[in-house]
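# sharing a sequence plus its predicted fold:
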Amino acid sequence: SSANSASCSTSHLGSVLSCPAAAMTVEDPAELEEEPDTVYSIDPAIVAAEYGPPEVDSNGVAKVLKAYVVHSDPSIVVIPHFLGDAEIEHLLGLSEEHWIPSTVGSGVYKTRDESKDLTNKLSPNRTSYSCMLKTSQTSEVQAIEQRLAHLVGMDADHLERLNMVRYAPGQFFNKHHDGRFRPKTVFIYLNDLPEGAGGETLFPEIGVQIVPRKGCAVMWSNILEEGVEDMRTVHQGLAPTEGIKYGVNCFFNDKPMKLRVPPEEISSSDVTNDSWRTVDAVELEKVSTSDLKPGQIRAFLVLEDPVVRVVPRLLSAIETTALRELADTGVAREESMDTLAAIEAKVAQVAGLPLECMEPLRVARCDHGMTPDDGLAARNCYSERFGCKTVFVFLADVPLGGELRFPKLGLQVVPREGCAVVWSAVTGEGCEDDPRVLHQGSAPRSGARYAAVGIFRREQVRSLADNVAEAEAEPVSAPGGQ
């Protein structure tokens, strides 16, 4: 069997080992029941010991995955040997040099769109570090995504981007729930820790904790029924006392997170590599000699139908620096709030729409060799994702690659710091998606591509008192995890 089609067999665990209850910090004791006096510790190495090492394929991946139900209600399942050693090394290699402080989601559920209801922020409740991988970033990542979907029994399109986590000694994630919008969570341990060094995943409401074992996955449900949290699966990541704990959060969302497009369509088959019409803001500025008055912005109409405009210097160096910092850290500093507010005012100005109609500005960083998450994959719901008008802003020069491309138009824009590109996602009548403006990002072949995106809706989506910006270093819908 291939890694993607590894079969699963289920066994029930008849006994568990017991240990004294761990000390815990309660984030919100009003919502939770009294903690049990005894915590049962599940060691996947002991659970799977009677079967011996699994038979593996040429890639070191188990041909048959055995799943063990270690708690029946709510169901908690451990799957030893879910990842092979080579896969683990690959994931750790992808995350190297990209760790940022972990954030937590906060807010009040008002709609079914957690990206609007919840915002990310740093919290003393979570002191670990994280790294968000790209969807299907490599063939190895794609194989793992498909295996996860097979395990959970949901389509891979519902799987959020894999969220790597790292815990140094003393770092933890206190009590939390992964969210009612995530029916299933799978957490995968990427390394062993010294015996007795902690780092367990603790479910305090049911008195069960899982010992971290390299390659093992643990799976649980977050809901009782659609939209209703199962608070019994509140959990926490205990701090290791020695060694560094590595893992992967794998969240399955109740909404599709991506629409897969055949590779031949993503590869810009409508135009060849040497037939792009390339627009460079530096060259545009050379043809304009008029002086700007204070508060004026110079925009160039680079395409009439559909309308595409390029604004060479929409943002200043101070403004792009503030947004790059937001993309790197995932949190806006208090002293940057005035700058961020001024940035959003500029974005609304070039869009020609009220600021109240703009979703919070989104910023993201795409590193060398990584493909940006852009618009071709949303071809069947383009305006739903990108609104009635989109303003895309480059936050740094990219030495090689990183262009913003419109394959149907044969148009690409060179990444220049502060340069904005403005277009409408709908037809002139404003009622249907305009397929001509489906866009995609070219992977940076040198350096990193930083970008900000302002998405405008026809209706008001926020008050002016709302937060002004958010980072996609982690998804805005990502409270929880481990």
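Sure thing, it's come through. Numbering: from 1, shown residues only.

# where do the helices sit along the protein?
Secondary structure of the chain (DSSP state H): helices at 44-47, 85-95, 114-117, 139-152, 263-266, 281-286, 317-329, 337-351, 382-386.

# which of these sits closest to Ser75?
Closest to Ser75 of the helices of the chain, according to C-beta to C-beta: helix 139-152, at 11.9 Å. Bear in mind the C-beta positions are built from the backbone N, C-alpha and C, glycine included.

# mind giving me the packing neighbours of the closest one?
The helices and strands touching helix 139-152, judged by 3 or more C-beta pairs under 8 Å, 6 or more residues apart in numbering; DSSP states H and E, are helix 85-95, strand 184-189, strand 217-221, strand 245-252.

# mind putting these into CSV with distance to Glu356?
Output for these, formatted as CSV (distance: least, C-beta to C-beta, whole Å):
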stretch, distance to Glu356
helix 85-95, 38
strand 184-189, 35
strand 217-221, 38
strand 245-252, 31
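
# reformat the ones you listed as CSV; add mean pLDDT.
Below are those laid out as CSV (pLDDT from 0 to 100):
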stretch, mean pLDDT
helix 85-95, 95
strand 184-189, 98
strand 217-221, 97
strand 245-252, 97
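
# any chance of CSV for those, columns mean neighbour count?
Below are the helices and strands packed on helix 139-152 laid out as CSV (neighbours: other C-beta atoms under 10 Å):
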stretch, mean neighbour count
helix 85-95, 17
strand 184-189, 24
strand 217-221, 23
strand 245-252, 25
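
# wouldn't Arg405 be in contact with Ala443 here?
No. With contact defined as C-beta atoms under 8 Å, Arg405 does not count as touching Ala443 (11.0 Å).

# tally up the residues packed near His81, please.
Look at His81: counted by other C-beta atoms under 10 Å, it has 23 neighbours.

# so who does it touch?
Applying C-beta atoms under 8 Å, 6 or more residues apart in numbering to His81 gives the contacts Ala48, Pro53, Pro54, Ala62, Leu65, Gly215, Cys216.

# any idea of the pLDDT on it?
Per-residue pLDDT puts His81 at 94.

# could you do Gly369 as well?
We note a pLDDT of 63 for Gly369 in this prediction.

# again with Gly105
On the pLDDT scale, Gly105 gets 62.

# returning to that earlier point: which one, of the helices and strands packed on helix 139-152, ends up nearest to Val282?
So among the helices and strands packed on helix 139-152, helix 85-95 is nearest, using C-beta to C-beta, at 33.0 Å.

# could you say what helices and strands the closest one packs with?
With contacts taken as 3+ C-beta pairs under 8 Å, 6+ apart, helix 85-95 sits against helix 139-152, strand 163-167.

# which residues does the nearest residue to Val391 once chain neighbours are set aside contact?
Excluding the flanking residues, the one nearest Val391 by C-beta to C-beta, 6 or more residues apart in numbering is Gly454, at 4.1 Å. Contacts for Gly454 (C-beta under 8 Å, 6+ apart) come out as Glu344, Val347, Ala348, Ala351, Met358, Glu359, Leu361, Arg362, Thr390, Val391, Phe392, Val393.

# in CSV, list the residues you listed along with pLDDT, neighbour count and distance to Ser102.
Converted to CSV, the contacts of Gly454 look like this (pLDDT from 0 to 100; neighbours: other C-beta atoms under 10 Å; distance: C-beta to C-beta, whole Å):
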residue, pLDDT, neighbour count, distance to Ser102
Glu344, 93, 19, 26
Val347, 95, 26, 28
Ala348, 94, 19, 32
Ala351, 93, 23, 33
Met358, 93, 24, 28
Glu359, 90, 18, 24
Leu361, 90, 23, 22
Arg362, 89, 18, 19
Thr390, 95, 22, 30
Val391, 96, 27, 30
Phe392, 96, 22, 28
Val393, 97, 27, 27
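
# just those now: which is nearest Glu325?
Nearest to Glu325 among the contacts of Gly454: Leu361, at 13.6 Å, using C-beta to C-beta.

# for the closest one, list each beta-bridge partner.
Counting by DSSP bridges, Leu361 is bridged to Ala469.

# surely Ala168 and Ile244 touch.
Yes. Using C-beta under 8 Å, Ala168 is in contact with Ile244, at 5.5 Å.

# returning to that earlier point: tell me which of the helices and strands packed on helix 85-95 is the most buried.
Burial of the helices and strands packed on helix 85-95 is given as mean neighbour count (mean count of other C-beta atoms under 10 Å); strand 163-167 ranks first at a mean of 23.

# give me the residues contacting that strand.
Under the contact criterion C-beta under 8 Å, 6+ apart, strand 163-167 has outside partners 91-92, 94-95, 99, 102, 128-133, 199, 237, 239-240, 244-251, 474, 478, 481-482.

# what do you get if the cut-off is 7 Å, keeping everything else the same?
Contact partners of strand 163-167, identified using C-beta atoms under 7 Å, 6 or more residues apart in numbering, comprise 91, 95, 99, 102, 128-133, 199, 237, 239-240, 244-249, 474, 478, 481-482.

# need the CA coordinates for that strand. CSV is fine.
The C-alpha coordinates for strand 163-167 follow below in CSV (Å, rounded to 0.1, in the frame of the first residue of the first chain):
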residue,chain,number,x,y,z
ASN,A,163,0.6,24.0,12.2
MET,A,164,4.0,23.0,13.6
VAL,A,165,4.6,23.7,17.3
ARG,A,166,7.7,23.7,19.4
TYR,A,167,7.9,23.6,23.2
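
# what angle separates that strand from strand 245-252?
Comparing the axes of strand 163-167 and strand 245-252 via axes from the mean of the first three to the mean of the last three C-alpha atoms, to 10 degrees yields an angle of 150 degrees.

# strand partners of strand 163-167, parallel vs antiparallel please.
strand 129-132 (antiparallel), strand 245-252 (antiparallel).

# and which of the contacts of Gly454 is nearest to Ala281?
Val393 (11.2 Å).

# who touches that closest one in this structure?
By C-beta under 7 Å, 6+ apart, the residues touching Val393 are Leu314, Leu315, Ala420, Ala451, Ala452.

# from memory Asp41 sits against Arg213, does it?
No, residue 41 isn't Asp; it's Ser. No. The pair Ser41 / Arg213 is not scored as a contact, 11.9 Å apart, by C-beta atoms under 7 Å.

# ok, those two, which is more surrounded?
More crowded of Ser41 and Arg213, by other C-beta under 10 Å: Arg213, with 21 against 18.

# what's the burial count for Val228?
Neighbour tally, Val228, other C-beta under 10 Å: 10.

# spatially nearest residue to it (excluding sequence neighbours)?
Nearest non-adjacent residue to Val228, counting by C-beta to C-beta, 6+ apart: Arg180, 6.4 Å away.

# measure the one you found to Glu319 for me?
Distance from Arg180 to Glu319, counting by C-beta to C-beta, to the nearest Å: 37 Å.

# then Val307?
25 Å.

# so these two - more neighbours on which side?
Glu319 (21 against 14).

# surely the more buried one touches Ile343?
Yes. Counting by C-beta under 7 Å, Glu319 does reach Ile343; the two are 5.1 Å apart.

# before we move on, back to that, lowest average pLDDT across the helices and strands packed on helix 85-95?
Among the helices and strands packed on helix 85-95, helix 139-152 carries the lowest mean pLDDT (a mean of 92).

# which of the contacts of strand 163-167 count as buried?
Buried by 16 or more other C-beta atoms under 10 Å: 91, 95, 102, 128-133, 199, 237, 239-240, 245-249, 474, 478, 481-482, out of the contacts of strand 163-167.
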